[in-house]
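**Student:** The following comprises the amino acid sequence and a computationally predicted model.
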Amino acid sequence: MEPLRVFIVDDDKDFAESLGIALEGNGCEVELAHSGEQAIKAFQDKNFDLALMDVKLPGLNGVESFLEIQKIKPGLKVIMMTGYSVEQLLDQAVENGAWGVIHKPIDVPKLLDMIQKIGEDGILIADDDPDFVATIKHMLSDLGYRVLIAVNGEEAIERILENHIDILILDLRMPVLNGLDTYTKLKKMGRVVPTIIVTAFSEEEKHAVETLSTEAVYGVLKKPFDPKELLAVIRQVMQKKGREKYAD
């Protein structure tokens, strides 16, 4: 198994070097940069599995740098680091796809736990309702699941192509590409994953629901639903995957 390639961006050189040594001691390959501009330049030529980026940087701040890097490497996982109360900046980073936030002083075991989850499969929520997404993401993250977000069908397809996904929670009504078209496109590409359909318009979308009645669709949940219903279906999918893996 190849070592995880980690890029640390922090203008505190002593902190960056100490963190790098700790990660190298746990089998990671580490490279450092001390400004957002350096980081952006590095990503034009190199690939990394994970970036640890300080929010407070000279010149471009960490969030501005992250947004630029995301254009170059859209599938990159980034953990924002901060020793300050900069909630607005952090919210902006998370809304644009930052994988996590960790506060200084860094709890290295907690960071390593986050890093270990990078290689694990996760759950993709494809839904353009920010309140629904925030509620479900918070619940699943608290239970230890790695959660990714897509706000339309095209984004959902991109996330599935770029990541290992266990379960797709798919809203039928989305902009750009609706849920049915998203599922159909994934099927043509041979990238269908176990899917849970959610809809607030079950009667209006009855035809779409019937069209999606396949082995890969584990159920249809009508909004608003009891989160316990969702967890029950997720556990069913995970248990089946576990049995299939054991059978192999």
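**Tutor:** The structure has been received and is ready for your questions. Numbering: from 1, shown residues only.
**Student:** Spell out which residues make up each domain of this protein.
**Tutor:** Using automatic domain parsing, the domain parsing of the chain gives 5-118, 121-247.
**Student:** I'd like those domains laid out as a markdown table, including mean pLDDT and mean neighbour count.
**Tutor:** (C-beta placed from N, C-alpha, C; glycine too.) Supplementary listing: the domains of the chain in a markdown table, determined by pLDDT from 0 to 100; neighbours: other CB atoms under 10 Å:
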| stretch | mean pLDDT | mean neighbour count |
| --- | --- | --- |
| domain 5-118 | 82 | 17 |
| domain 121-247 | 80 | 16 |
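**Student:** Can you tell me how far the spatially most central residue of the chain is from Ile234?
**Tutor:** For the chain, the residue nearest the mean C-alpha position is Leu148 (3.1 Å; CA atoms, centre = their mean). Using CB to CB, to the nearest Å, Leu148 is found at 14 Å from Ile234.
**Student:** again, but for Met53
**Tutor:** From Met53 to Ile234 the distance is 31 Å (CB to CB).
**Student:** on contacts alone, who are the packing partners of the host helix or strand of Asp113?
**Tutor:** Take DSSP states H and E as the rule and Asp113 turns out to sit in helix 108-116. Counting contacts by 3 or more CB pairs under 8 Å, 6 or more residues apart in numbering; DSSP states H and E, helix 108-116 packs against helix 13-24, strand 100-103.
**Student:** Do you have the helices of this protein handy? List them.
**Tutor:** 13-24, 36-45, 62-72, 87-95, 108-116, 130-142, 153-162, 179-188, 206-211, 227-247 (DSSP state H).
**Student:** Mind putting those into a markdown table with distance to Ile79?
**Tutor:** Converted to a markdown table, the helices of the chain look like this (distance: least, CB to CB, whole Å):
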| stretch | distance to Ile79 |
| --- | --- |
| helix 13-24 | 11 |
| helix 36-45 | 13 |
| helix 62-72 | 10 |
| helix 87-95 | 10 |
| helix 108-116 | 6 |
| helix 130-142 | 14 |
| helix 153-162 | 17 |
| helix 179-188 | 28 |
| helix 206-211 | 37 |
| helix 227-247 | 24 |
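**Student:** Report the contact partners of Leu148.
**Tutor:** Counting by CB atoms under 8 Å, 6 or more residues apart in numbering, Leu148 touches Gly122, Ile123, Leu124, Ile125, Arg159, Asn163, Ile165.
**Student:** Next, give me the two most distant ones among the residues you listed.
**Tutor:** Pairwise distances across those peak at 12.7 Å for Ile125 and Asn163 (criterion: CB to CB).
**Student:** The residue nearest to the centre of the chain pairs with what?
**Tutor:** Leu124 (DSSP bridges).
**Student:** Relative to Met174, how far out is it?
**Tutor:** Applying CB to CB, the value for Leu148 to Met174 is 15 Å.
**Student:** follow-up on the earlier one: which stretch among the helices of the chain comes nearest Leu170?
**Tutor:** helix 179-188 (4.8 Å).
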